[in-house]
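*Asks:* have a look at this fold, sequence not included:
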């Protein structure tokens, strides 16, 4: 993408797992005793990453983020700039099926997106 | 070429287009421009139809149109392709077909023509044009940021710039429509 601006600060993400994580933390402690919670395969957190490319316009990428991920304009712009300056940005996390659906939508928009396991 | 937005007060639910979505603007196209765009969109449809038939991506441009969804896991990447590839190709063929269908009458005329755009049509246009830019960039050897579009053939450079201008104009149309929808929301 064209244009130069300073790299963005911390990146807010579309947090589809937030509620489940809060539940997991709450469930993790019963009467001060920790127990191991069995994690269903569908809960293993995955992320969708969008990669920089030299072709798509900055205005287009920011608009796609805003439209598809229902982000406000400043957040969409910040994530677009992160893709541009850092080479990649994480747009959402959640289960694998969700991330694959987002990825397919990004490919429909001509953006280069991949699914990854969330860093632990 | 000219991209004209519908005035924001007209972006209401009463302004319903015939092909779905509300009317958000129009694009005024010269016959020469329409002929080039029809030709490119037809080539795009053939390129994608071939990819569907062959089943693998030997062309670097097609590889960029249909990227690998898993960089580090060949098994998941294959599974993804089995389930998503056909649908993705067919939708991309649909975007190119929208361009071809809308512009063919203008290409056959000897005066400029106006194509009305609904939200749905503009979404097809902006994605179809994005796909054309990806293929042309590949043919011009634009691979990383900073690669110079001026290295390509002059004809291709002009096209690449025209398509960028169209992409930006269509994004502005669609953004204005989204903003109007947000303002109307209770």
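*Replies:* Looks like it came in fine. Just so you know, these numbers come straight off a predicted model, no measurement behind them. Numbering: from 1, shown residues only, chains lettered A, B, ... in the order given.
*Asks:* what packs against whichever strand or helix holds residue B:134?
*Replies:* When elements are defined using DSSP states H and E, residue B:134 is found to belong to helix B:119-140. Other elements packing on helix B:119-140 under the criterion 3 or more Cβ pairs under 8 Å, 6 or more residues apart in numbering or on different chains; DSSP states H and E are strand B:23-29, helix B:31-54, helix B:60-65, helix B:74-108, helix B:154-184. Bear in mind the C-beta positions are built from the backbone N, C-alpha and C, glycine included.
*Asks:* any idea how many residues pack against the closest residue to chain A within chain B?
*Replies:* For chain B, the nearest residue to chain A under the criterion Cβ to the nearest Cβ is residue B:130, separated by 3.9 Å. When counting by other Cβ atoms under 10 Å in any protein chain shown, one arrives at 27 neighbours for residue B:130.
*Asks:* same deal with the one 5 residues further on?
*Replies:* For residue B:135, the neighbour count with other Cβ under 10 Å is 20.
*Asks:* separation between the closest residue to it other than its chain neighbours and residue B:136?
*Replies:* Using Cβ to Cβ, 6 or more residues apart in numbering or on different chains and skipping residues adjacent in sequence, the residue nearest residue B:135 is residue B:61, 4.3 Å away. Taken as Cβ to Cβ, to the nearest Å, the spacing of residue B:61 relative to residue B:136 amounts to 9 Å.
*Asks:* please identify the nearest residue in space to the residue of chain B closest to chain A, excluding sequence neighbours.
*Replies:* With Cβ to Cβ, 6+ apart as the measure, residue A:110 is the residue that lies nearest to residue B:130, at 3.9 Å, once sequence neighbours are left out.
*Asks:* buried residues of the helix or strand containing residue A:77, list them for me.
*Replies:* When secondary structure is defined by DSSP H and E, residue A:77 falls within helix A:73-86. The neighbour-count criterion (16 or more other Cβ atoms under 10 Å in any protein chain shown) identifies A:75, A:76, A:77, A:78, A:79, A:80, A:81, A:82, A:83, A:84, A:85 as the buried residues of helix A:73-86.
*Asks:* so which of these are also by chain B?
*Replies:* Residues shared between these and the neighbourhood of chain B are residue A:84 [Cβ under 8 Å from any Cβ of the partner chain].
*Asks:* which residues of chain A lie near chain B?
*Replies:* Chain A has residues A:1-2, A:52, A:54-57, A:59-60, A:63, A:66-67, A:84, A:100, A:103-104, A:107-110, A:112-116 near chain B, with proximity defined as Cβ under 8 Å from any Cβ.
*Asks:* the same query, at a cut-off of 7 Å, please.
*Replies:* If contact is defined as Cβ under 7 Å from any Cβ of the partner chain, the residues of chain A in contact with chain B are A:1, A:52, A:54-57, A:59-60, A:63, A:67, A:100, A:103-104, A:107-110, A:112, A:114-115.
*Asks:* name the nearest residue to the residue nearest to the spatial centre of chain B, ignoring sequence neighbours.
*Replies:* Within chain B, one residue has its C-alpha closest to the average C-alpha position: by Cα atoms, centre = their mean, that is residue B:128, at 1.7 Å. Leaving aside its sequence neighbours, residue B:128 sits nearest to residue B:95 (Cβ to Cβ, 6+ apart; 3.6 Å).
*Asks:* just residue A:111 next, same as before
*Replies:* residue A:50 (5.6 Å).
*Asks:* now do residue B:120
*Replies:* Among residues not flanking residue B:120 along the chain, residue B:21 sits closest, at 3.9 Å (Cβ to Cβ, 6+ apart).
*Asks:* tell me which of the helices and strands packed on helix B:119-140 lies nearest to residue B:144.
*Replies:* Closest to residue B:144 of these, according to Cβ to Cβ: helix B:60-65, at 12.6 Å.
*Asks:* check which helix or strand covers residue A:103.
*Replies:* Secondary structure assignment for residue A:103, by DSSP H and E: helix A:96-108.
*Asks:* by contact count, what packs against that helix?
*Replies:* Using 3 or more Cβ pairs under 7 Å, 6 or more residues apart in numbering or on different chains; DSSP states H and E as the contact criterion, the secondary-structure elements in contact with helix A:96-108 are strand A:46-51, strand A:88-94, strand A:112-117, helix B:74-108.
*Asks:* which residues does it contact?
*Replies:* A:16, A:46-48, A:50, A:68, A:91-92, A:113-115, B:66-67, B:69, B:80, B:84, B:88, B:91, B:127 (Cβ atoms under 7 Å, 6 or more residues apart in numbering or on different chains).
*Asks:* same thing with stretch B:4-13?
*Replies:* Under the contact criterion Cβ under 7 Å, 6+ apart, stretch B:4-13 has outside partners B:15, B:22, B:23, B:24, B:25, B:26, B:28, B:173, B:176, B:177, B:180.
*Asks:* sounds good, over and out.
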